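Chemist: generate a structure from the sequence data that follows.
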Amino acid sequence: MVFFQKSLKTVFNTMYVKLTCGLIHVRAFIHSEDRYAFLAEWYDPTAALLRRYQLFYYPKDGAVEMFDVKNQRIFLRRTRCDELHQEDLFVGNRVNVFSRQLNLIEYGDQFTANKLGSKKERTLALIKPDSVTKVGDVLELIHSSNLIVTKAKMVKLTWSQAADFYVEHQSKPFFNNLVQFVSSGPVVAMELMGDEAVSIWRRLLGPADSATARKEAPHCVRAQFGTDGIKNVGHGSDSLAAAARELEFFFPSTIGHGPSNTAVFTNCTCCIIKPHAVSEGLTGKILNSISSAGFEVSALQMFNVDRANAEEFYEVYKSVVPEYPSMVTELCSGPCIVLEISGTDIPQTFREFCGPADPEIARHLRPSTLRALYGKDKVKNAVHCTDLPEDGVLEVGGGFTDRCTFSSSIQHVKGSICNLCR
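Modeler: The predicted structure follows:
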């Protein structure tokens with residue numbers, strides 16, 4: 001009898017979930033309104049539980065609804081959410097809904113999968129050693145082509161790794177020269193996403209031979225920055241299948257695998273391009289400004305930071321800066337890009353180049369600094385940089401560890417070793 005009651009309760013609960021979600025769907029249908037659905041996860045740090053929600057987004061007015069799957073109830077009624085945009089909605093992304101970070105793990109219905117899935121092609125963009133200093137220019141072209149950078153990392157390939165990556169060219173006469181060149185210095189690997197990302201990136205690159213590119217497509221990347229058929233700026237996947245394989249090579253699903261980053265951890269300082277600047281497409285401009293000022297970017301990687309680790313990273317400012325809560329919210333509001341800047345006396349000189357924390361003051365006193373050029377206010381001030389010279393290596397160590405993510409490696413900033421690296 002008890003088993004029968006539990007089974008009956010399960011049936012009714014399932015019906016309730018379907019009915020509630022169905023009513024949301026019917027309401028959207030009646031009003032002839034598009035509505036996108038996703039299955040999302042949120043880690044509850046208090047209960048140490050992973051909670052699941054149905055997330056509904058209405059592009060007409062930017063409103064969201066959330067349904068608690070486990071507790072079988074509406075968690076958030078339809079409410080406008082200015083911090084969430086349609087371009088943020090793709091499987092694998094982390095979005096902020098009223099300061100709650102949700103991981104989008106799958107599409108919630110076939111309509112959403114058909115409508116958005118086809119527009120979210122992913123491809124690999126690899127910037128070769130000859131053009132790493134031009135990555136800012138390349139990023140500006142990528143942004144102007146409506147492609148989104150969802151992953152990025154500067155790495156150094158061994159000869160063997162480069163040979164494995166270009167294994168399909170093994171029988172070609174240029175194979176050895178290609179492998180030797182690609183393994184001769186750092187490269188920047190990026191995952192690009194967008195409608196027809198594979199073909200758009202290859203079109204941006206242009207013909208494989210740079211001389212041919214200058215004749216046939218003078219505005220393409222290879223025509224502008226390439227030298228020949230080997231030193232030709234970059235590589236692009238030639239199909240979706242190749243893209244999946246090549247992305248797994250540089251961004252493996254297993255932590256601790258893949259090519260090593262290029263961080264040197266000596267005579268360095270940390271710079272973080274903040275989420276608002278990344279979202280506004282300012283990454284390329286900021287990198288160009290850094291390079292033009294003579295600074296060397298010796299490592300680069302894109303991260304998503306959760307709230308708990310953002311609080312720890314900014315903990316030193318907690319009782320000093322009134323903007324601390326807003327600084328934390330900004331750092332975990334979307335992807336950021338962590339840079340290692342190397343050079344002599346670099347923490348002090350780069351901090352001066354970033355300028356005063358308040359962009360308004362910076363624009364009056366030091367108008368050519370990063371925050372004066374790209375900042376909005378004291379929170380959205382384009383970049384974070386290391387304040388104290390002795391903290392440079394610690395902050396860089398927090399971002400660039402081969403076996404742990406930024407979230408785990410905050411412990412390195414605290415001077416200890418994270419659990420993954422023990």
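Chemist: where in the chain is pLDDT low?
Modeler: 1-32, 118-119, 256, 390-394, 397-422 (pLDDT under 70).
Chemist: doesn't Lys380 belong to a helix?
Modeler: No: counting by DSSP: H, G, I helix; E, B strand; the rest coil, Lys380 is not part of a helix but coil.
Chemist: so who does it touch?
Modeler: 274, 276-277, 330 (Cβ atoms under 8 Å, 6 or more residues apart in numbering). Where C-beta positions appear, they are placed from N, C-alpha and C, glycine not excepted.
Chemist: how about these, which pair is most distant?
Modeler: Ala277 and Glu330 (10.1 Å; Cβ to Cβ).
Chemist: which one of those two has more residues nearby?
Modeler: Higher neighbour count among Ala277 and Glu330: Ala277, with 24 against 20, using other Cβ atoms under 10 Å.
Chemist: so which strand or helix has the more buried one?
Modeler: helix 275-279 (DSSP states H and E).
Chemist: name the helices or strands packed onto that helix?
Modeler: On a contact count with 3 or more Cβ pairs under 8 Å, 6 or more residues apart in numbering; DSSP states H and E, helix 275-279 meets helix 324-331, strand 336-342.
Chemist: tabulate those (a markdown table), appending distance to Ala244.
Modeler: Below are these laid out as a markdown table (distance: least, Cβ to Cβ, whole Å):
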| stretch | distance to Ala244 |
| --- | --- |
| helix 324-331 | 31 |
| strand 336-342 | 24 |
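Chemist: winner for burial among the ones you listed?
Modeler: With neighbours defined as mean count of other Cβ atoms under 10 Å, those peak in mean count at strand 336-342, which reaches a mean of 25.
Chemist: name the strands paired with that one and say parallel or antiparallel.
Modeler: strand 268-273 (antiparallel), strand 296-303 (antiparallel) (DSSP bridges).
Chemist: tell me where the stretch 201-350 of the chain has helices.
Modeler: 210-216, 221-225, 240-250, 275-279, 283-292, 307-313, 324-331, 346-354 (DSSP state H, counting those that start in this stretch).
Chemist: could I have the second one exported to PDB, CA atoms only?
Modeler: Below are the C-alpha coordinates for helix 221-225, written out as PDB (Å, rounded to 0.1, in the frame of the first residue of the first chain):
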ATOM      1  CA  VAL A 221      43.600  38.600 -42.200                       C
ATOM      2  CA  ARG A 222      46.300  36.800 -44.100                       C
ATOM      3  CA  ALA A 223      46.600  39.600 -46.700                       C
ATOM      4  CA  GLN A 224      47.100  42.100 -43.900                       C
ATOM      5  CA  PHE A 225      49.400  40.200 -41.500                       C
END
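Chemist: gap between that helix and the chain center?
Modeler: In terms of Cα atoms, centre = their mean, to the nearest Å, the centre of helix 221-225 is found 25 Å from the chain centre.
Chemist: and if you look at the fifth one?
Modeler: Taking the mean of its C-alpha atoms, helix 283-292 sits 17 Å from the chain's own mean (Cα atoms, centre = their mean).
Chemist: brilliant, that's me finished.
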